[in-house]
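Model the following, please.
(chains A and B)
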Amino acid sequence: MPIQVLLIASVLLVVFIGVRRSPTIHVQAGKRIAIVLFAIANVYAVLRPEQVNELAVALGVGRGTDLVLYATVVAFMAVTFNVFQRFQQVDRRYTDLARTVALREAETINRERGLTRESQPPVLHPDEHRAP
Amino acid sequence: MVHHQYDDVWIVIPVYNEAPVVRAVIEHVLTVFPNVVCVDDGSSDGSIEEIAVTRAHLVRHPVNLGQGASLETGLAYARSQPGAAYFVTFDADGQHRTSDAEAMIAVARSGEADVVLGTRFGSGAGEQQVPRLKRVVLRAAALTSPSSRRLKLTDAHNGLRVLTRPVADDLRITMNGMAHASEIVQHLSHSAWRVREVPVTIDYTDYSRSKGQSLINGVNILFDLSLRQRKG
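Numbers count the residues shown, from 1 in each chain, chains lettered A, B, ... in the order given. Okay, the predicted model is just below:
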């Protein structure tokens, strides 16, 4: 059935993009286009439910509602991966920030404790973070 | 200051809620190594006060970030200290022996290796002491990980490591949690650094056992590693 091929392919695509290491500009743009298309499709589906039904039958799904449900599951997966990636990104920046604060404070603490001979600011090598 | 044979060695100890033992561990390490930096990872149990009474350098994370993040912070601090040439990662719960660290530094100093990793499973290591289930899982992890296999490692998750200066300058630990051990091995396997394993003894005490890694955490480690993002 065509729907099975379509669903499996889209799930694999979502996982592939989610696991892939450096998200490129293309992926970023692709995500945005997908959101807009999804919104348009939703509005259309509300306005013309009978056409959704026809499409569902053509794809081998019984009813339009089921087709919408399947699409929602795939969209949910994509959103989950996206949120996870964003959290990782935020986490890295947060770590860099906390580390900078900790090292700066440590300089003072350890000098006051009489442990450092000469003060030399710790050199950080923060990863470059681009705003998505 | 008296010249010391380990003046160029920095011991990095990540500390998270280890108040009952951390002071004794630090005092013991300081009898052998003059340079110790403890990274407190936002402990809530008075570990900071215990560290503060010793002669160890103290770095405090303002919030809890994880053991990997603590190691990276400690290494960054140690790198900035004048004359630092060897970096040793050491657990705060007292399960490592300073004599093992000395033996590993000797290997690094000899120029035979750029990185020396402790292993619980080499000949001469106290293998019998590793609890059986843990032994099976750790061996399986080392045998199935492509990075460990490439480096012919027998134990990928030992907290005792010696890094020479170039390796410490090159290595960046980005996995904040427990996946950092695998991250380090992966990094080494993709680099040209010469890696050597040296058998070490882990003193499993009731304390270290109660604080130790639960095996189910392996699931979290695998998940983190597979979904991590590379530097952009």
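
any chance you could map the helices in chain A?
In chain A, the helices defined using DSSP state H lie at A:2-19, A:25-47, A:49-59, A:64-112.

And for chain B?
Using DSSP H, helices in chain B cover B:19-32, B:47-52, B:67-79, B:98-109, B:132-144, B:146-150, B:165-170, B:180-189, B:206-211, B:217-226.

CA atoms only: put the third one into CSV for me.
Once side chains and other backbone atoms are set aside, the C-alpha atoms of helix B:67-79 remain, and they are given as CSV (Å, rounded to 0.1, in the frame of the first residue of the first chain):
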residue,chain,number,x,y,z
GLN,B,67,31.0,14.7,35.5
GLY,B,68,32.1,15.3,32.0
ALA,B,69,31.7,19.0,32.4
SER,B,70,33.6,19.0,35.6
LEU,B,71,36.5,17.2,34.0
GLU,B,72,36.6,19.7,31.2
THR,B,73,36.5,22.6,33.6
GLY,B,74,39.3,21.0,35.7
LEU,B,75,41.4,20.4,32.7
ALA,B,76,40.9,24.0,31.5
TYR,B,77,42.0,25.2,34.9
ALA,B,78,45.0,23.0,35.0
ARG,B,79,46.0,23.9,31.5
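
right, is that helix up against chain A?
Yes - with C-beta under 8 Å from any C-beta of the partner chain as the measure, helix B:67-79 is seen reaching chain A through B:69, B:72-73, B:76-77, B:79. Just so you know, the C-beta spots here come from the backbone N, C-alpha and C atoms, and that holds for glycine as well.

Tell me what angle that helix forms with helix B:180-189.
Interaxial angle of helix B:67-79 relative to helix B:180-189 (axes from the mean of the first three to the mean of the last three C-alpha atoms, to 10 degrees): 60 degrees.

Likewise for the last one?
Angular relation of helix B:217-226 and helix B:180-189 on a 0 to 180 degree scale: 50 degrees, by the same axes, to 10 degrees.

Give me the buried positions along helix B:217-226.
Neighbour counts over helix B:217-226 (16 or more other C-beta atoms under 10 Å in any protein chain shown) mark B:218, B:221, B:224 as buried.

Report the contact partners of B:Ile184.
B:161, B:171, B:173 (C-beta atoms under 8 Å, 6 or more residues apart in numbering or on different chains).

Is B:Asn217 in contact with B:Ala179, as I believe?
No - B:Asn217 is beyond contact range of B:Ala179, at 9.5 Å (criterion: C-beta atoms under 8 Å).

strand partners of the biggest strand by length in chain B, parallel vs antiparallel please.
Longest strand of chain B, by residue count under DSSP state E: strand B:9-15. Its sheet considered, strand B:9-15 pairs with strand B:36-40 (parallel), strand B:86-89 (parallel) by DSSP bridges.

how far is the shortest one from where the chain is centred?
Right, the one you point to is strand B:86-89. Relative to the chain's own centre, strand B:86-89 is displaced by 8 Å; criterion: C-alpha atoms, centre = their mean, to the nearest Å.

How about stretch A:107-116?
That offset, for stretch A:107-116, works out to 43 Å (C-alpha atoms, centre = their mean).

average pLDDT for stretch A:89-107?
Across stretch A:89-107, pLDDT averages out at 93.

An error on my part: the question was meant for stretch B:29-45.
If you average the pLDDT over stretch B:29-45, you get 94.

So which of the residues of helix B:67-79 next to chain A is the closest to B:Thr154?
Closest approach between the residues of helix B:67-79 next to chain A and B:Thr154, by C-beta to C-beta: B:Glu72, at 25.2 Å.

Contact partners for the closest one?
Contacts for B:Glu72 (C-beta under 8 Å, 6+ apart) come out as A:99, B:172-174, B:180.

Let me see the confidence value for it.
B:Glu72 is given a pLDDT of 95.

on that earlier part again, export the strands paired with strand B:9-15 to a markdown table and tack on mean neighbour count?
A markdown table is the format used below for the strands paired with strand B:9-15 (neighbours: other C-beta atoms under 10 Å in any protein chain shown):
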| stretch | mean neighbour count |
| --- | --- |
| strand B:36-40 | 29 |
| strand B:86-89 | 26 |
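
possible to save those strands as JSON lines with distance to B:Pro62?
Shown next, in JSON lines, are those (distance: least, C-beta to C-beta, whole Å):
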{"stretch": "strand B:36-40", "distance to B:Pro62": "10"}
{"stretch": "strand B:86-89", "distance to B:Pro62": "22"}
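
now, which of the contacts of B:Ile184 sits nearest A:Met1?
Using C-beta to C-beta, the contacts of B:Ile184 come closest to A:Met1 at B:Ile173, 47.8 Å.

The closest residue to that closest one other than its chain neighbours and B:Val63, how far apart?
Counting by C-beta to C-beta, 6 or more residues apart in numbering or on different chains, B:Glu72 is the residue found nearest to B:Ile173 once chain neighbours are left out, at 4.1 Å. According to C-beta to C-beta, to the nearest Å, B:Glu72 and B:Val63 sit 15 Å apart.

Could you confirm whether any residue of stretch B:185-205 contacts chain A?
No - no part of stretch B:185-205 sits near chain A under the criterion C-beta under 8 Å from any C-beta; the closest distance found is 12.6 Å.

That stretch: which residues count as buried?
Neighbour-count burial for stretch B:185-205 flags B:185-189, B:193, B:195-202, B:204 (criterion: 16+ other C-beta under 10 Å).

same question, stretch A:74-89
The neighbour-count check on stretch A:74-89 (16+ other C-beta under 10 Å) flags A:74-75, A:78, A:81-82, A:85, A:89 as buried.

which two from those residues end up farthest apart in space?
Top of the distance list for those (C-beta to C-beta): A:Val74 and A:Gln89, 23.1 Å.
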